[in-house]
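**Q** sequence first, predicted coordinates after that:
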Amino acid sequence: MSTELLLKDYLRRLRLPAVARHYKALARTAAENNCSYEEYLCALLEQEVLAREESARQNRVRRAHFPYLKTLEDFDFTALPGLNKQKVLTLSRGEYVRLKENVILMGNPGTGKTHLAIALGLCACRQGYRVRFYTASGLVSELLLAQKEHRILALERQWLKLDLVVVDELGYVPYSPEGAQLFFRFVASRYERGSTIVTTNLEFADWVQVFGDERLTAALLDRLTHRCHILLMNGESYRFRESLKRRQQDEDQHHQPQLHRIPP
């Protein structure tokens, strides 16, 4: 068997796809630049390491189950002058995840809370953290189903392995007493053991409308807000502004004078 075929076979069996892709090109570059064998080997292994790190990042993003991807670069901070941009950028570095702190994004509907939550979650994925995105109603539904099927302990072990859980849109739907208790169990079990990002359109005083029990709500807030970063995001709805902008563009286009071609 030729050397090339042997190389391909060995690299396949050793599961080194990046080395297989790059070894020829890097060998030519090494020969042209009179590189040592060690330098060539280092450059080759660097490609494998980079490929594996990128694959791992993509897998973490996929397992996070984001509904769509949003980045901080896409966020319009000028629309929310009251939002502390520097605080958001500091959070994007992921230190709060390492310290097992929480983040609450609170404000009017349409102000970009979900956008920021996904962007911070995506940053955490890129930093090597295990992340999972839920809507609040979806999380409670999953907890109720797991309780009914007697696998709540197994689900609890899964969520305790996560470094960061994003819970989006808390406050739109009130929970049953059982659902509220399970949500409290979720928060209490992760207390100082993992980070949670919550987005909500309700002030803390109104959370009892969702959970229905004042003592449970107080206990939940006590755990959630301890060692917590709270970002207030009150302002005009981003979606409403975009809708007005598109409408204005359509009207401008409609009223634009039409140029009629004059026949020769």
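**A** Cool, the structure landed. Please read these numbers as outputs of a predicted model, since none were measured by experiment.
**Q** per-residue confidence at residue 244?
**A** What the model reports for residue 244 is a pLDDT of 48.
**Q** grab the longest helix from the chain for me.
**A** Ranked by residue count, the top helix of the chain under DSSP state H comes out as helix 37-64.
**Q** so how far is that one off the chain centroid?
**A** Shown here is helix 37-64, whose average C-alpha point lies 22 Å from the average C-alpha point of the whole chain (CA atoms, centre = their mean, to the nearest Å).
**Q** how about it: buried residues?
**A** Along helix 37-64, these residues count as buried under the neighbour rule (16 or more other CB atoms under 10 Å): 40, 43, 44, 47, 48, 51, 60, 61, 64. (Glycine included, C-beta is placed from N, CA and C.)
**Q** ok, now stretch 14-29?
**A** 16, 18, 19, 20, 22, 23, 26.
**Q** and of the residues you listed, the nearest to residue 231?
**A** Ranking the buried residues of stretch 14-29 by separation from residue 231, with CB to CB as the measure, puts residue 18 on top at 39.7 Å.
**Q** roughly how far does that closest one sit from residue 50?
**A** Noted for residue 18: a distance of 7 Å to residue 50, by CB to CB, to the nearest Å.
**Q** what about stretch 157-173, start to end distance?
**A** Start-to-end span of stretch 157-173 (CA to CA, to the nearest Å) is 26 Å.
**Q** for the stretch 1-150 of the chain, give me the ranges with low pLDDT.
**A** 1 (pLDDT under 70).
**Q** show me where it has its strands.
**A** Under the criterion DSSP state E, counting those that start in this stretch, the stretch 1-150 of the chain contains strands at 102-106, 131-135.
**Q** winner for burial among those?
**A** strand 102-106 (a mean of 23; mean count of other CB atoms under 10 Å).
**Q** residue 206 touches residue 171, doesn't it?
**A** Yes: under the criterion of CB atoms under 8 Å, residue 206 makes contact with residue 171 at 7.4 Å.
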